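Peer 1: Just need the structure, nothing else, for what follows:
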Amino acid sequence: MSAFLYRLGRNCARHPFVVIGVWLLAAVSVIGLQASAGGKFDNSERVPGVESQHAADVLNARFPSRGGQSARIVLHADAGRLDDAGHAATVDRARAQLAAGHDVAGVTDPFAPHAAAVSADGRTAYLDVSYAVDKLTATQLADATAVAHRARVGRVQVELTGPLAQLAQKAPSSELIGVGIAIIVLLIAFGSIVAMGLPIVTALMGIFVGAAAVGVLSAVMNVPEFSLILCMMIGLGVGIDYALFIVTRHRQHLHEGMSVEDSAGTANATAGQAVLFAGTTVVIAILGLFLAGLPAISSMGVSVALVVMVAMAAAITLLPGLLGLAGTKIDKLSIHRKSHVTKPADETISGRWAHHVGSHSVRYALLSLGVLCTIAVPALSMRIGVPDDGNAAPHTTQRTGYDELARGFGPGFNGPIEVVVEIPSHADRIAVDRVHDALQADPGVSAVTAPVFNRAGNTAVLTANPTTSPQDARTDALVHHLRSAVVPNAVDGTRARVSLTGRAMATDLTDRIASRLPVFIAAIVAMSFLLLMIVFRSILVPLKAALMNLLSIAAAYGVLVAVFQWGWGNELIGLHSTMPINPFLPLMMFAILFGLSMDYEVFLLSRIREEYVATGDNHMAVVRGLSSTARVITSAALIMISVFGAFVLTDDPNGKLFGVGLAVAVLLDATLIRMVLVPATMTLVGRANWWLPGWLERILPHLDLEGARTSADVVGLEDERELTAA
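Peer 2: Numbers count the residues shown, from 1 in each chain. Predicted coordinates for the structure are as follows:
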């Protein structure tokens, strides 16, 4: 592999314009394919094999009017009742104007008999607008916004909820903020504008091509729209980091006197191979999301994995081409007054720190473990739930509408439970009334609508509003109670089948994730342990790495619980209420972080291993390994933190959740783990770090991660071939 990567890097550096042209052609081709054959993003959250999904499928099949998109428009009057003559006329005009909008299939009448769409005090009501399209756009938003403006002139407050309100959100260009901070970090790390620009260009090209490829993927998979945010986060982070590692090694070889082509090839054979290993680990970890059995999570995983693979390809092909184009001028436009002077490992700040930690290994190991365990404690109280409009910022239209509905109709109105009754025969219709009465009598239910039958008369649907809010843990308990006790008693003696959906879908989603999470974690940890054991020829090194990764992720979970669920400092990131943890986050975050942490693990431990093999001195191997990688790992971590942290500025609570979680995890991994716990434990264990049973040594495949076939070997081979050809 190292020989192949060396030749690839050398040839790309030798023919930079060809490489750049191929990448530009690939970008144009993928964008063209997306425009002609790309699909649409699908935000539906299917949970195959659960009761709520069956109920949702029955509703879609037997109640065609429920197809397409819908939006709820909230009406409120500060003075008087909405059914007063003046306000009623304004509401009627709003209904008529909404009905005349683009792609509108129908608008409900809140004043219709038995509609139950007006609150008891008459001050709050709602309209349900049905659209004949699968995805709402700015066109429907403009229609609804115009109606809202005219109604407010008539002293009726109008607020948008659901997908219309989401369209109204204006997210800042978080990726541009992340790139801006990355530029500053790279300038400080490299001290050269030219060297700084190479990782940025490589990462942006990877994102450009990767995002277009995700658009093509959406034609064959149901890819959620949030996948793009994750792809931007991960693609920018790994794209810049991978290029950073290779450029750092390339500049080192140039300073040692190598030619540009040989240096690019050698950097590709060493750092490039580590990039491939780390990136492959990220891809495998993310593809492990298929174990969750959730199509939305699986497609998000495939999308992120696709972007990571494009970033890997750009790092080992496009980047060497750019290195060849830059030539010996890579250090031009320097911002440093003095050139860097290479110091012995034990004289650098990181080297002295590693020596200090190693000299007090027990103290620092216990201290760092104590800090991480303390931070992780809140994770034991993690409560998974689905964020909704109630988590939006105050004074936004969706939050105002959510609050008005909760005040007018009760806290459970924003999370109704839809009850689907399948009726095999006419004699079983009695079950519908019995289910209605049983639901109405339950103390956890505030109201139940009258049953609505489909045209065939073989299915009825009722809506039950809980007495508790959608994100209240008691609402999940209510769903389980209705299924286990209330519904079975109500249909006893009939052949009717009752299933719950609506808010019950969130309960089933969290239950599915909770049941699959242990299997998923075990599979990812086992995979990473095996890969690291093959690379580092050790039992203890991969075992410690797996445990440390688990600890850093648990600590990140703890921070999320403290901030989002408990509300500690949440106003600092633009949240003004607590919220449960998104069900997708534990799985996605674990897969992404376990893969990304392998980057730092590989780049640090491979240097330590290299020094240990050369000297046999474990302590000095740790000192020199940390000294040679601390600067680049710190720079890479700062870039990751900046890219992830920038998404905290979005209005979307999910974006904030993932941004904080990923940024905190990288921060802990690059500081407490890599700079304290790793050197402390590596020194404490000593030579046993590299112990591997003989029988295992014989059966494990060998990976030359650090390029044992150096540039000299490959150069000699290339020169021999050139002479033979001549």
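Peer 1: Wait, N549 touches S528, no?
Peer 2: Yes - here N549 reaches S528: they are 7.3 Å apart, a contact under CB atoms under 8 Å. C-beta here means a position set from N, CA and C on the backbone, and glycine is covered the same way.
Peer 1: Which neighbours do these two have in common?
Peer 2: Common contact partners of N549 and S528 (CB atoms under 8 Å, 6 or more residues apart in numbering): 594, 598.
Peer 1: if we look at stretch 243-251, which residues are touching it?
Peer 2: 186, 189-190, 195, 198-199, 202-203, 263-264, 266-268, 270-272, 274-275, 314-316, 319-320, 323, 330-331, 603, 632, 635-636, 639.
Peer 1: Verify the contact between N268 and A3 for me.
Peer 2: No - counting by CB under 8 Å, N268 stays clear of A3, with 10.7 Å between them.
Peer 1: more crowded one of these two?
Peer 2: N268 (34 against 18; other CB atoms under 10 Å).
Peer 1: residue contacts, that one?
Peer 2: Counted by CB under 8 Å, 6+ apart, N268 has contacts 5-6, 8-10, 12, 246, 316, 320.
Peer 1: And those, which is closest to A96?
Peer 2: Here the nearest of the contacts of N268 to A96, counting by CB to CB, is I316; it sits at 61.4 Å.
Peer 1: The residue nearest to the spatial centre of the chain: which element?
Peer 2: Among the residues of the chain, the one closest to the centroid is L230, at 4.4 Å (CA atoms, centre = their mean). Element membership for L230, per DSSP states H and E: helix 226-255.
Peer 1: following that helix, which helix or strand shows up next?
Peer 2: In N-to-C order, the element after helix 226-255 by DSSP H and E is helix 260-287.
Peer 1: how distant is that following helix from the center of its chain?
Peer 2: Taking CA atoms, centre = their mean, to the nearest Å, the mean C-alpha location of helix 260-287 is offset from the chain mean by 23 Å.
Peer 1: For the helix or strand following it, C-alpha coordinates in CSV please.
Peer 2: Using DSSP H and E, the helix or strand that follows helix 260-287 in sequence is helix 295-313. Extracted in CSV, the C-alpha atoms of helix 295-313 (Å, rounded to 0.1, in the frame of the first residue of the first chain):
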residue,chain,number,x,y,z
PRO,A,295,-34.0,3.9,7.4
ALA,A,296,-33.5,7.6,8.2
ILE,A,297,-30.4,6.9,10.3
SER,A,298,-29.0,4.4,7.8
SER,A,299,-29.3,6.9,4.9
MET,A,300,-27.8,9.7,7.0
GLY,A,301,-24.9,7.3,7.7
VAL,A,302,-24.4,6.5,4.0
SER,A,303,-24.5,10.2,3.2
VAL,A,304,-21.8,11.0,5.7
ALA,A,305,-19.7,8.0,4.7
LEU,A,306,-19.9,9.1,1.1
VAL,A,307,-18.6,12.6,1.9
VAL,A,308,-15.8,11.1,4.0
MET,A,309,-14.7,8.8,1.2
VAL,A,310,-14.6,11.8,-1.2
ALA,A,311,-12.5,13.7,1.4
MET,A,312,-10.1,10.7,1.5
ALA,A,313,-9.8,10.6,-2.2
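Peer 1: List the buried residues in the next helix or strand after helix 295-313.
Peer 2: Per DSSP H and E, helix 295-313 leads on to helix 319-326 as the next helix or strand towards the C-terminus. Buried residues in helix 319-326, counted by 16 or more other CB atoms under 10 Å: 319-326.
Peer 1: Distance from the longest helix seen in the chain to the middle of the chain?
Peer 2: In the chain, ranked by residue count with DSSP state H as the criterion, the top helix is helix 503-536. Between the centre of helix 503-536 and the centre of its chain there are 15 Å (CA atoms, centre = their mean).
Peer 1: So which elements touch it?
Peer 2: helix 51-62, helix 260-287, strand 417-422, helix 473-481, helix 540-560, helix 584-615 (3 or more CB pairs under 8 Å, 6 or more residues apart in numbering; DSSP states H and E).
Peer 1: rewinding a little: average pLDDT across the helix holding L230?
Peer 2: Averaged over helix 226-255, pLDDT sits at 85.
Peer 1: Stretch 108-119 now?
Peer 2: 86.
Peer 1: Show me which positions of that stretch end up buried.
Peer 2: Residues of stretch 108-119 classed as buried by neighbour count (16+ other CB under 10 Å): 108, 110, 117-119.
Peer 1: Stretch 120-140 now?
Peer 2: Neighbour counts over stretch 120-140 (16+ other CB under 10 Å) mark 123-127, 129-131, 136, 140 as buried.
Peer 1: next one: stretch 20-38
Peer 2: For stretch 20-38, using 16+ other CB under 10 Å, the buried residues are 20, 23, 26, 30-31, 34, 38.
Peer 1: before we move on, what about stretch 670-684?
Peer 2: Those would be 670, 672-683, for stretch 670-684 by 16+ other CB under 10 Å.
Peer 1: Correct me if wrong: A56 contacts L500.
Peer 2: No - A56 sits out of contact with L500 when judged by CB under 8 Å, with a separation of 10.2 Å.
Peer 1: what sits against I384?
Peer 2: I384 touches 510, 513-514, 580-583, 586, counting by CB under 8 Å, 6+ apart.
Peer 1: show me the contacts for F590.
Peer 2: Residues near F590 by CB under 8 Å, 6+ apart: 517, 520-521, 524, 553.
Peer 1: Look up how far L500 lies from the residue nearest to D511 when sequence neighbours are not counted.
Peer 2: Counting by CB to CB, 6 or more residues apart in numbering, D511 lies nearest to V50, which is 7.8 Å off, once chain neighbours are set aside. Going from V50 to L500 by CB to CB, to the nearest Å gives 10 Å.
Peer 1: Comparing these two, which shows the higher neighbour count?
Peer 2: Between V50 and L500, L500 has the larger neighbour count (other CB under 10 Å), namely 23 against 20.
Peer 1: SS state for the more buried one?
Peer 2: State at L500, reduced to three classes by DSSP: H, G, I helix; E, B strand; the rest coil: strand.
Peer 1: I'd like to know the beta-bridge partner residues of it.
Peer 2: Beta bridges link L500 to V419, judged by DSSP bridges.
Peer 1: List of residues touching stretch 443-459?
Peer 2: Stretch 443-459 is touched from outside by 58, 62-63, 114, 116, 409-410, 412-413, 420-424, 426, 429, 432-433, 436, 439-440, 460-468, 474, 477-478, 481-482, with contacts defined as CB under 8 Å, 6+ apart.
Peer 1: same thing but 6 Å
Peer 2: 62-63, 410, 412, 422-423, 432, 436, 439-440, 460-467, 478 (CB atoms under 6 Å, 6 or more residues apart in numbering).
Peer 1: what does stretch 616-635 give?
Peer 2: 185, 189, 248, 345-346, 348, 350-351, 354-355, 358, 600, 603-604, 607-608, 611-612, 679, 682-683, 686-687.
Peer 1: Among the residues you listed, name the buried ones.
Peer 2: Of those, these count as buried by 16+ other CB under 10 Å: 185, 189, 248, 345, 348, 350-351, 354-355, 358, 600, 603-604, 607-608, 611-612, 679, 682-683.
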